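Novice: here's my sequence, what's the structure:
(2 chains)
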Amino acid sequence: MRYSLLLNCYEAEPGAIDPEMAKQFMAAFDLYAKDLEKAGVLVAAEVLQPSAHSTTLTLRHGHLQIQDGPFADTKEQLAGIFVIDVADMDQALKWAEQCPGAQYGVMEIRPAATAYIAGQWQSFL
Amino acid sequence: MPHVSIELIARHSHGRLLALLLSKNADIMAAEDALAEAFAQAVRCWPEQGTPTKPEAWLYRVASNWLINQYRSGHSHYTETTADLSELADAAMTESEQLSTPFPDRRLALLFVCAHPAIDPAVRTPLMLQTILGLNASRIALAYSVPETSMTQRLVRAKRRIRDLLIPFILPEKPQLSERLSDVLEAIYGAYAIDWLEPGEDDSAVSLADEALYLAGLMTELLAEQAEVWGLLSLLCFSMARQPGRLTSTMEFVPLDQQNCRMWDHKLVAQAEGFLRKAHSLGPMGRFQLEAAIQSAHSVVLYQQKVDWQVLRTLYLGLLKIAPSLGAKVALAVSIYQLEGTKEALIYLDSIKDPQMACFQPWWATQAFLLSEDGQKEQAKLAYAQAIQLTKQPGLSQYLQAKAAALEL
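Specialist: Prediction:
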């Protein structure tokens, strides 16, 4: 069985988080990722860019609709995550369009901010 | 006059230089800063040292160097490795040497980035005006009647998305091209439409019509084989050609069928006809080609011919099939009035079911006109009142008030 663990939190303005606190949390996340890895349960660890950088895509109205902005319908809930590694936004959109889920649901495409890759946190910013 | 030449170069080359700088790195804000720095340097250096023989190459080199220095000092958003930096520097040198002819033109990729589906449609036109034409946020804000700070925020947000989402600066592949092309053309048309809907107090400062025409012309240079590109250029030319007949000397609106066609720009109409023929020779009828054909059908009065409403009705029906809009439905109602009479037109107009109808001024103005033709004075007055309330343009409001007042006689 695979599980996706989704972190929901308040989106702070840039610079609003105390750097000392951020440092402590980064160390804690590093430890956590290494623990998951040691336990052999980690597939991908991603911290996402703010929701303002989200793009949504759907085919459920019979045609391709792409929108600037996050998914906001509260009646529908997150049902899956696919972590992919591609060259640019157009490639990501292509894969999202091919996802069967786009036929009945809405795909939200969020670029990663940092990810735990090969033993260390890597920044994409 | 070195200052004049710097301004001219800025006007003409902003988009080209920015697009070229962006081919190295998708950070529009950094590239804009670099370009501003290069122009500031030009203002300082050129009057003393003389204008360089290749001014654009000079500007590009200065801007490139500035960007590279930013990377080195770590001010930039991106942290490049040393290898990437020397590569950047080499590319800057060779490209600036190649800048004679042909100047590498990456504006098309930039236009497609501005109208990318992941970018909010409302900011696509402003983004084009700023990146391709170099208009500043205050000028764009003026045209959109929003505070400068809001426009700046929208533009900054869009530029951040382009940078952080890695929206690629490339021409989309074939299957996506036509769909995204319509977004690009839509955004260019948007620049024209703002001007048409809300003429400002001082037209010379606010008018974006010329900018839209410039962008449409640019598209025909860059994507000459696409029919819709010519369709848009034709549509804009037809529309602009009629501009002089649009308002009376007292700034009152004049409906199309009452305009003095001798006031239209005949040369521009002839050009528009040529562009329409070009579009027609290239491919199937798209939205803009159809709209241009509609304009063409209205323009026959210029050659002492009568407007063929049969043809117009067919064109509007075609337009409704490929690009349904409330405006096209109202226009179809007018052609029904011309062909079948008031009653039929009223029946069609009433049958339009659209949630936006209640606040769509042309629907109410047409309804008012048809009701008054049908002798339903009181109903017509109410419809005119509604239309006037929805009108933002003083000239059009004046015209509708005169029509409503005539009902009292």
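Novice: burial of the nearest residue to A:V106 once chain neighbours are set aside, as a residue count?
Specialist: For A:V106, ignoring the flanking residues on the chain, the nearest one in space by Cβ to Cβ, 6 or more residues apart in numbering or on different chains is A:T58 at 4.5 Å. C-beta coordinates here come from the backbone N, C-alpha and C atoms, glycine included. By other Cβ atoms under 10 Å in any protein chain shown, 21 other residues sit near A:T58.
Novice: per-residue confidence at A:T58?
Specialist: Here, the pLDDT recorded for A:T58 equals 92.
Novice: correct me if wrong: it contacts A:A102.
Specialist: Yes - with contacts counted by Cβ atoms under 8 Å, A:T58 reaches A:A102, the gap being 5.8 Å.
Novice: anything in contact with each of the two?
Specialist: Listed contacts common to A:T58 and A:A102 are nil; contacts here mean Cβ atoms under 8 Å, 6 or more residues apart in numbering or on different chains.
Novice: what about the longest helix in chain A?
Specialist: Counting by DSSP state H, the longest helix found in chain A is helix A:19-38.
Novice: tell me what that helix is packed against?
Specialist: In terms of contacts (3 or more Cβ pairs under 8 Å, 6 or more residues apart in numbering or on different chains; DSSP states H and E), helix A:19-38 is packed against strand A:112-117, strand A:120-123.
Novice: mind listing what the helix or strand that it is followed by pairs with, with the direction of each?
Specialist: Proceeding N to C from helix A:19-38, the next assigned helix or strand is strand A:46-48, under DSSP states H and E. For strand A:46-48, the paired strands and their directions (DSSP bridges) are strand A:112-117 (antiparallel).
Novice: next one: the strand it pairs with to chain centre, how far?
Specialist: In this view, strand A:112-117 has its centroid 9 Å away from the chain centroid, taken as Cα atoms, centre = their mean, to the nearest Å.
Novice: just the helices from the stretch 51-200 of chain B, written as ranges.
Specialist: Using DSSP state H, counting those that start in this stretch, the helices of the stretch 51-200 of chain B run over B:55-72, B:82-97, B:107-114, B:121-131, B:137-144, B:148-164, B:174-197.
Novice: quick one: buried residues of the first one?
Specialist: Using 16 or more other Cβ atoms under 10 Å in any protein chain shown as the burial criterion, the residues of helix B:55-72 that qualify are B:55-68, B:70-71.
Novice: circling back: same question for the longest helix of chain A, mean pLDDT?
Specialist: Averaged over helix A:19-38, pLDDT sits at 88.
Novice: and the contacts of the helix or strand of chain A with the lowest mean pLDDT?
Specialist: The helix or strand of chain A with the poorest confidence is helix A:101-104; it has a mean of 82 (mean pLDDT, DSSP states H and E). By Cβ under 8 Å, 6+ apart, the residues outside helix A:101-104 that reach it are A:L57, A:T58, A:L59, A:R60, A:A79, A:G80, A:A96, A:M107.
Novice: between the buried residues of helix B:55-72, which sits nearest chain A?
Specialist: B:Y71 (14.9 Å; Cβ to the nearest Cβ).
Novice: per-residue confidence at the closest one?
Specialist: Residue-level confidence at B:Y71 comes out at 80, pLDDT.
Novice: tell me the pLDDT at the residue nearest to the spatial centre of chain A?
Specialist: In chain A, the residue lying closest to the centroid (Cα atoms, centre = their mean) is A:L48, at 4.6 Å. pLDDT for A:L48: 85.
Novice: now do the contacts for it.
Specialist: A:L48 makes contact with A:R110, A:P111, A:A112, A:A113, according to Cβ under 8 Å, 6+ apart.
Novice: am I right that the last one is in contact with A:Q49?
Specialist: In this case it means A:A113. Yes - taking contacts as Cβ under 8 Å, A:A113 lies within contact range of A:Q49: 4.7 Å.
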